[in-house]
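> Next come a sequence and a model predicted from it.
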Amino acid sequence: MLQYLSDKNVHRQTFALAIPMILSNLTVPITGLVDTAVVGHLQQPYYLGATAVGSLIITMLMWIMGFLRMSTTGLAAQATGRDDDFQQRQVLFNGVITALSLSLVILLLQDLVWYLATVFMQASQEVLDYARQYFDIRIWSLPALLLRYVFIGWLLGLQKARWPLIILLISNLVNIYLDIQFVVWMDWKVEGAAWASVIADYAGLLVGIIAVWICLKSIPSTKKKPLFERSAIAKLIRMNRDIFIRTLALETVFYSQTAVGASMGDIVLAANAVLMNFVLIMSYGLDGFANAVEAMAGNAFGKRSQTAFKKAICVTGFWSLISSVMFMIIFGLLGSQIIHIMTGLKDVQAIALMYLPYLVMLPLIGVWSYWLDGIFIGITQLSSMRDSMLVAVILVFLPLLFTVKLWGNHGIWIAFSGFMIMRAAGLAYYLQRYLKRTWI
């Protein structure tokens, strides 16, 4: 272990990839904080609850489609490790075709998507009405969001980590500015937050197109053959199937949390929405080193270098642990101030503060699953991610969720913490099995 941690070049490479991704990832929850803070200072709690429900449905769609970024990153990183310029281009092409096809299908079925997402949600009628307003506008961001997934995944696989930072930074700055304009100054309420996100998402897409065009010019095209190949598409579908199942299981967790919280009333729903921003801040921040290990492990796998692979996972794991401790300190010292910034509703503040200790401990619990996910994405061993997620959801989260009947909202956060622990344990089991194999 120590011999792998002593390589200064690997540390430098880790930070060269991780820092831009941490900064770019953190712009996403910061935007969520602004959304919550702007809407959370409107007069009624159902505005905040509606924004939480509407944005949750869009976020669920995006996370379900997260296979676009993950598979693109892994395949692009391996192609880069092999110096295969044709496959680098082909991975991008296949990703774009898949993103556009999925966008068309979902836009045609948007009414069905709304029905399936809300049929079991016991929120108040005011929350559902305003959430539908948000959803009907925000759903048109989908083509931009899915294409942005592909572009960011491809750029990260090529280890061009600065471009994702620029894409997300511009997109989220536009979102923050328009949130203030539409919600605060123009009083568009929930619809204003939705329109701000739509415009910002297409601004990010435009930057992504420019970034991809610049990077493509630096990749020589040595093979003169069509990019479309049935075998490549079939491989992508198999990979995406596993990530889809894994992500659908993860969405079950977040959906169940929101649905159960909604059954406890608008105040609890709003408080949990505020606290979920802590989860987003943590996850996007810790994902920086997970993104780094995706590119580094995938590159090492493409080169068939087991030494480079072990160095990548050891160094990124070390810095992931350090980052998790930093987030614990930040949440412990500034958590109450963050809650007060996000909402001025006294009842919501009181409930959120009651459950803040769960969020303070969560970075140390959750860091391992993010880091291990990054390793398996890089080497495209996606069935292991699927299986560990299913075990964590079915055998741990769902049974623990029944503790809500005994302990109320505490049960939600106990179930979520147990889920994160089991998810990491399952991935660790598969990793130690994988490291015992001879794969060079």
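Cool, got the structure. Numbers count the residues shown, from 1 in each chain.

> Could you point out which residue ranges in the stretch 1-150 of the chain have low pLDDT?
1-4, 24-37, 39-48, 120-123 (pLDDT under 70).

> try 90 this time
1-91, 93-95, 98, 111, 113-139, 141-142, 145, 149 (pLDDT under 90).

> Locate residue 83 within the secondary structure: which element?
Counting by DSSP states H and E, no helix or strand carries residue 83.

> phi, psi of it?
The phi and psi torsions at residue 83 (degrees, to the nearest 10) take the values phi 60, psi 40.

> Please report how far it lies from residue 424.
According to C-beta to C-beta, to the nearest Å, residue 83 and residue 424 sit 34 Å apart. C-betas here are computed from N, CA, C, even on glycine.

> Out of these two, name the residue with the larger neighbour count.
A count of neighbours by other C-beta atoms under 10 Å puts residue 424 above the other of residue 83 and residue 424, at 21 against 11.

> what's the burial count for residue 257?
Residue 257 has 23 neighbours, counted by other C-beta under 10 Å.

> right, I mislabeled it, should have said residue 127
27.

> can you pull the contacts of it?
Taking C-beta atoms under 8 Å, 6 or more residues apart in numbering, we find residue 127 in contact with 46, 49, 50, 53, 262, 266, 269.

> what's the answer for residue 379, then?
Shown in contact with residue 379 (C-beta under 8 Å, 6+ apart): 74, 297, 298, 301, 309, 434.

> Next step: the residues you listed restricted to strands.
Among those, no member falls in strands (DSSP state E).

> Give me the lowest-pLDDT entry from those.
Within the contacts of residue 379, the minimum per-residue pLDDT falls on residue 434 (80).

> wait, it sits on residue 381?
Yes - the criterion here is C-beta atoms under 8 Å, and residue 434 meets it with residue 381 at 6.6 Å.

> more crowded one of these two?
Neighbour count, other C-beta under 10 Å: between residue 434 and residue 381, residue 381 has more, with 17 against 14.

> backbone phi and psi for that one, please?
Main-chain torsions, residue 381, degrees, to the nearest 10: phi -100, psi 70.

> How about residue 158?
phi -80, psi 0.

> one step back: closest one of the contacts of residue 379 to residue 249?
residue 74 (19.4 Å; C-beta to C-beta).

> Can you tell me the SS state at the residue lying closest to that closest one once chain neighbours are set aside?
Setting aside the residues directly before and after it, residue 74 is nearest to residue 380 in space (C-beta to C-beta, 6 or more residues apart in numbering), at 4.2 Å. With DSSP: H, G, I helix; E, B strand; the rest coil as the basis, residue 380 sits in coil.

> got any ranges where the stretch 251-400 of the chain has weak pLDDT?
In the predicted model of the stretch 251-400 of the chain, residues 251-313, 335, 338-349, 351-352, 374, 377-384 satisfy pLDDT under 90.

> give the contact list for residue 108.
Per C-beta under 8 Å, 6+ apart, neighbours of residue 108: none.

> What segments of the stretch 151-300 of the chain are helices?
Ranges of helices within the stretch 151-300 of the chain are 162-179, 189-217, 230-262, 266-303, based on DSSP state H, counting those that start in this stretch.

> closest to residue 139 out of those?
Closest approach to residue 139 among these (C-beta to C-beta): helix 189-217, 9.0 Å.

> What mean pLDDT does that closest one get?
For helix 189-217, mean pLDDT is 89.

> which of the helices of the stretch 151-300 of the chain sits most buried?
Ranked by mean neighbour count, those are led by helix 266-303 with a mean of 25 (mean count of other C-beta atoms under 10 Å).

> now that one and helix 162-179, what's the angle there?
Here helix 266-303 points in a direction 160 degrees away from that of helix 162-179 (axes from the mean of the first three to the mean of the last three C-alpha atoms, to 10 degrees).

> How far off centre is helix 266-303?
Its chain's average C-alpha position is 6 Å from that of helix 266-303, according to C-alpha atoms, centre = their mean, to the nearest Å.

> now residue 59, nearest residue through space, not along the chain?
residue 254 (7.7 Å).

> show me the contacts for residue 429.
Residue 429 touches residue 388, counting by C-beta under 8 Å, 6+ apart.

> What strand or helix carries it?
helix 409-435.

> Tell me the buried residues in that helix?
Neighbour-count burial for helix 409-435, counted by 16 or more other C-beta atoms under 10 Å, picks out 409, 411-427, 430-431.
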